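Colleague: Generate coordinates for the sequence data below:
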Amino acid sequence: MDNIGFFELVLLGVVALLVLGPEKLPGAIRTTSLWIGRLKRSFNSIKTDIEREIGADEIRRQLRNEAIMDKFKQTKSQISDATNIVRKQAEEIRRNIELEAKAVESAVNPLATPTKLAADKVDSGAAQSAAMPATPVAPSAAAVASQAAAPAEAAASFELAPAPSAPDAASTVPPSPSKNS
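Modeller: Have a look, this model is predicted:
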């Protein structure tokens, strides 16, 4: 509604031509445009004076700074959340590596006592269950292999009877034919 289209301008020109006539119309247009220019200039000067008094520029600047600070705080919280997640994952990986190292150590050193191995598993399991989320996690291949090897090692360390000794290697191997014959 505020905009004046081309049709409205043509209609206004025709009415002005009929009312004022062709001789007075150019002077009337010139006078009207001068008054419109003066009104625009005075309106702009009043507007700048009011803005200066109110301090609108300062308020705009302050609002912009607050918006920037809010974005900064939001980014900072996102970064701290991501850092905490990475720390938790690094701690979990460290625990998994320690468990796998213990499994390898127990496989390499079969003289380790079964009670020590069981105590290590209980301690690491309690620490893991306290720090890990409730979602199930698939065990690694090394952890499965170490769990499968643990009963065999425990059974081997609890044997009561000594294992039968192997026959002498020299007596069971037939002599090889010599190439000189």
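Colleague: Show me the helices in the chain, by range?
Modeller: Along the chain, counting by DSSP state H, helices occupy 6-20, 25-54, 56-108, 114-131, 141-157, 169-172.
Colleague: average pLDDT across the fourth one?
Modeller: Same thing as helix 114-131. If you average the pLDDT over helix 114-131, you get 54.
Colleague: With the first one instead?
Modeller: If you average the pLDDT over helix 6-20, you get 88.
Colleague: ok, now the third one?
Modeller: When pLDDT is averaged over helix 56-108, the result is 92.
Colleague: quick one on the thing from earlier: please tabulate the helices of the chain in CSV, including the columns mean neighbour count.
Modeller: In this view, the C-beta of every residue, glycine as well, is placed from N, C-alpha and C. Below are the helices of the chain laid out as CSV (neighbours: other Cβ atoms under 10 Å):
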stretch, mean neighbour count
helix 6-20, 11
helix 25-54, 11
helix 56-108, 12
helix 114-131, 12
helix 141-157, 13
helix 169-172, 7
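Colleague: how about the nearest residue to Ala16, chain neighbours excluded?
Modeller: In space, and not counting its chain neighbours, Ala16 is closest to Leu25: 6.0 Å by Cβ to Cβ, 6 or more residues apart in numbering.
Colleague: quick one: that neighbour and Ser33, what's the gap?
Modeller: 13 Å (Cβ to Cβ, to the nearest Å).
Colleague: Can you tell me what sits against stretch 17-35?
Modeller: Ala16 (Cβ atoms under 8 Å, 6 or more residues apart in numbering).
Colleague: Dump that stretch to CSV, keeping only the CA atoms.
Modeller: Extracted C-alpha coordinates of stretch 17-35, given in CSV (Å, rounded to 0.1, in the frame of the first residue of the first chain):
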residue,chain,number,x,y,z
LEU,A,17,-2.1,18.7,-16.1
LEU,A,18,-5.9,19.3,-16.1
VAL,A,19,-5.9,21.3,-12.9
LEU,A,20,-2.8,23.5,-13.4
GLY,A,21,-2.6,23.6,-17.1
PRO,A,22,0.5,23.1,-19.3
GLU,A,23,2.1,26.5,-18.4
LYS,A,24,2.2,26.2,-14.6
LEU,A,25,2.8,22.5,-14.4
PRO,A,26,6.7,22.6,-14.7
GLY,A,27,7.0,25.3,-12.0
ALA,A,28,4.7,23.3,-9.7
ILE,A,29,6.8,20.1,-10.2
ARG,A,30,10.0,22.0,-9.4
THR,A,31,8.6,23.6,-6.2
THR,A,32,7.2,20.3,-5.0
SER,A,33,10.5,18.5,-5.5
LEU,A,34,12.3,21.2,-3.6
TRP,A,35,9.9,20.8,-0.7
